[in-house]
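1. this one's structure only:
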């Protein structure tokens, strides 16, 4: 911690002095706000270098060292505009400094010109009937229909960025965000990297994960304030009001055509797909930047990456650089749709954004740009060998066969076949691999906010309540663990300031009470659905931080559950030996259930499972057990037949490792009374006193709490939980909820009805509110579809889901439930 004292324990005794017992306990939020200061952005003994591109797929881009460490330029709050940011001085300048600052920004002009003619000339299939010289009679009706459809999309091609309107909207957004957020922090070193990348590698394409309607506005405002080209953006929501469409088009926003209600419906139109591909090519050829949002749950947005890829493949631009952008909110805005009607709807939209008591801060990370051509054309990015999830796990579920789990999961739903049907299969697979890389890069670049750390501790570790002094110590411990895993944080300052600031933001979702005589308050989460869901959503990013520990803890829990069943149930008072192969297979099964973005796309699933098992060793949860033998394993000289080679004519079977004997490893679980040692911190190495794997059960905060607490988010369908919320969730999804739905249903209707059922069930049981998140429901429906439990039927109206006949049988349903429940904690 970068405090004055450097030791968090020295600040803990000062907590009662800041929190007087005479003050009302439930009004501490107002008292906390008076104690808060401007929080500096650096908190920790070092700042990890995040956002580097993949060393395996893009080594040349990594070798440019655009993001290399050098004297730090620091961080900047783009909402803090002062007199010093302008070229003028004086008392009048201090009052109009925002206007002068916006007028002094550089705006890159662009014009429509004859863009329509160029787009039509690029692809002859878009040319109207009167401009075609040769046409076969049997295709005449089809061509006329396509030309008529293209005519309805022509207004979308008039999108252009107006410099005057950009300055006006930039000033308005600055004032709006000053009311919504206390700061929007950006790293100046990363922005300097973007300036260098623009000069070296041509146009930039910014890729972010869709979280709210403010994501694109924050990116554009940041680039505009730092004299970078404001990118053209894609709006996935239908905006029907005329003047709103006109304003957005003058800001460089590519809208959906008016005849399409949704993005999916627009993509099914062949004319729209061809025109948008040509439009992207024209924009990039003119040197314009693009901004593309990708949805993790549905994969929407990947088709725009395919269009950028086609532009480079066809030679319209020599090179394009992709920039992952991670945006982190202290309190994410709840409004996630754009207004669609009138001026009154726009005002309601703005008022809904300003209605919250505290919006907190925002942290924007621009990762290192990397070359699209290098990644896709160098052959270093592997796209082959992927198999459907049904082929990987169904033999395990139904027949308990482990030979099928070794492989990579197919995620072809990221680019459905109805999107860009003319795209070759090889290009489609490459686009899917590119989308996976970008999703993981964006999530890895996102900073962990203070509200996420505090929410995780209160919701998972201290569910029954915690004293403020204990919470401060745990925040310090968990912060060091996050930094140790090379993830950045989006906050800073002293420990007490950070904790008090987080509590002031989370105050509507917490219960506080003063405990005499020292006045150390006790905090606990409100037992309300909205409060628990908000706390759960705040700490979702920590899933990625501890994903290896979460998967490893699930695998160990599953094997201990089997051992307990063999021993007759109850508390195990005997030693359990866990084989490395079996433990790796359990981890591999759960790895296939992980949603996209949690596992590095360049790493195989088997390698990820091995890392998950090793994380249990690194954290002190397991200890290696060595089988007693006369000759030690390390004594190769005395071991017979070790240094022996085999002769073979098959080069695939010859290896330098044939001279070594592969010893099977095993891990031993021991009772806590036999250990006689304290807990081992997560950042510590192996225990040297014993050559066994031990599962720590000590309540010390440096023990395995994050693995048991944080691992309840690692999979949308199978996750351990300290209670049984995930078990109830998977039970309802797998066995009960699907029978209550009038299947077949469209995918959106199925998600909506399942979400409603889970919310009603949580309200009835007064527990498991975290499992009723709409995001978890979407991921669960996707996982069940990939497993073959739900069948997809593609129709014109949309995708319909129905239960597979195989899982209508009670035996198969019970096998699926058993497979899912083995990974649940509790």
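-> Nice, I can see it. Note that the coordinates shown come from a computational prediction; the quantities given were computed from them, not determined experimentally.

2. rest of the way, CA atoms for contacts and neighbours
-> OK.

3. ends of stretch 362-374, how far apart?
-> 32 Å (CA to CA, to the nearest Å).

4. so what's the gap between that stretch and the chain middle?
-> Remark: stretch 362-374 is offset 15 Å from the chain centroid, using CA atoms, centre = their mean, to the nearest Å.

5. and it, average pLDDT?
-> Averaged over stretch 362-374, pLDDT sits at 92.

6. also stretch 194-211?
-> 90.

7. repeat for stretch 56-68
-> The model assigns stretch 56-68 a mean pLDDT of 79.

8. got it, and stretch 107-116?
-> pLDDT averaged over stretch 107-116 gives 78.

9. state the pLDDT value of residue 739.
-> So, for residue 739, pLDDT stands at 70.

10. that one: neighbour count?
-> 13 (other CA atoms under 10 Å).

11. tell me where the stretch 101-250 of the chain has strands.
-> Under the criterion DSSP state E, counting those that start in this stretch, strands of the stretch 101-250 of the chain are mapped to 183-187, 204-209, 232-234.

12. and the ones you listed, which is most packed in?
-> strand 204-209 (a mean of 24; mean count of other CA atoms under 10 Å).

13. for that strand, which helices and strands make contact with it?
-> Here strand 204-209 touches strand 290-294, strand 321-329, helix 425-445, going by 3 or more CA pairs under 8 Å, 6 or more residues apart in numbering; DSSP states H and E.

14. can you put those in JSON lines and add distance to residue 48?
-> Listed next are the helices and strands packed on strand 204-209 as JSON lines, based on distance: least, CA to CA, whole Å:
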{"stretch": "strand 290-294", "distance to residue 48": "26"}
{"stretch": "strand 321-329", "distance to residue 48": "15"}
{"stretch": "helix 425-445", "distance to residue 48": "11"}
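
15. and the ones you listed as a markdown table, adding mean pLDDT?
-> Formatted as a markdown table, the helices and strands packed on strand 204-209 follow (pLDDT from 0 to 100):
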| stretch | mean pLDDT |
| --- | --- |
| strand 290-294 | 95 |
| strand 321-329 | 94 |
| helix 425-445 | 92 |
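
16. and of those, who's closest to residue 350?
-> strand 321-329 (17.8 Å; CA to CA).

17. strand partners of that closest one, parallel vs antiparallel please.
-> strand 204-209 (parallel), strand 361-366 (antiparallel), strand 370-371 (antiparallel) (DSSP bridges).

18. let's have those in JSON lines, adding distance to residue 812.
-> As requested, these are exported to JSON lines (distance: least, CA to CA, whole Å):
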{"stretch": "strand 204-209", "distance to residue 812": "37"}
{"stretch": "strand 361-366", "distance to residue 812": "46"}
{"stretch": "strand 370-371", "distance to residue 812": "46"}
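
19. closest to residue 586 out of the ones you listed?
-> Per CA to CA, nearest to residue 586 of those: strand 204-209, 30.5 Å.

20. tilt between the closest one and strand 290-294?
-> 20 degrees (axes from the mean of the first three to the mean of the last three CA atoms, to 10 degrees).

21. give me the contact list for strand 204-209.
-> 198, 231, 288-296, 320-327, 369, 438-439, 442 (CA atoms under 8 Å, 6 or more residues apart in numbering).

22. please check the residues you listed and keep the buried ones.
-> 198, 231, 288-294, 296, 320-327, 369, 438-439, 442 (16 or more other CA atoms under 10 Å).

23. quote the end-to-end distance of stretch 802-814.
-> End-to-end distance of stretch 802-814: 19 Å, with CA to CA as the criterion.

24. what does that stretch contact?
-> 398, 734, 735, 738, 743, 744, 745, 788, 789, 790, 791, 792.

25. and the first one, what element?
-> With elements taken from DSSP states H and E, the one containing residue 398 is helix 389-399.

26. elements contacting the following helix or strand past that helix?
-> The C-terminal neighbour of helix 389-399 among helices and strands, as given by DSSP H and E, is strand 408-409. Helices and strands touching strand 408-409, by 3+ CA pairs under 8 Å, 6+ apart, are strand 386-387.

27. let's test this: mean pLDDT of the strand it packs on, rounded?
-> Average pLDDT, strand 386-387: 87.

28. quick one: list the elements packing against the helix holding residue 398.
-> Short answer (3+ CA pairs under 8 Å, 6+ apart): helix 389-399 packs on helix 774-787, helix 810-821.

29. mind putting those helices into JSON lines with distance to residue 755?
-> Putting the helices and strands packed on helix 389-399 into JSON lines (distance: least, CA to CA, whole Å) gives the following:
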{"stretch": "helix 774-787", "distance to residue 755": "6"}
{"stretch": "helix 810-821", "distance to residue 755": "20"}
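
30. what's the most buried one of the ones you listed?
-> helix 774-787 comes out most buried of the helices and strands packed on helix 389-399 by mean count of other CA under 10 Å, with a mean of 20.

31. contacts for that helix?
-> Contacts for helix 774-787 (CA under 8 Å, 6+ apart): 297, 388-390, 393-394, 593, 595, 716-717, 733, 751, 754-755, 790-792.

32. so residue 476 is in which element?
-> helix 468-484.

33. neighbours of the residue nearest to residue 229 when sequence neighbours are not counted, how many?
-> Leaving aside its sequence neighbours, residue 229 sits nearest to residue 108 (CA to CA, 6 or more residues apart in numbering; 6.1 Å). The number of residues packed near residue 108 is 14, by other CA under 10 Å.
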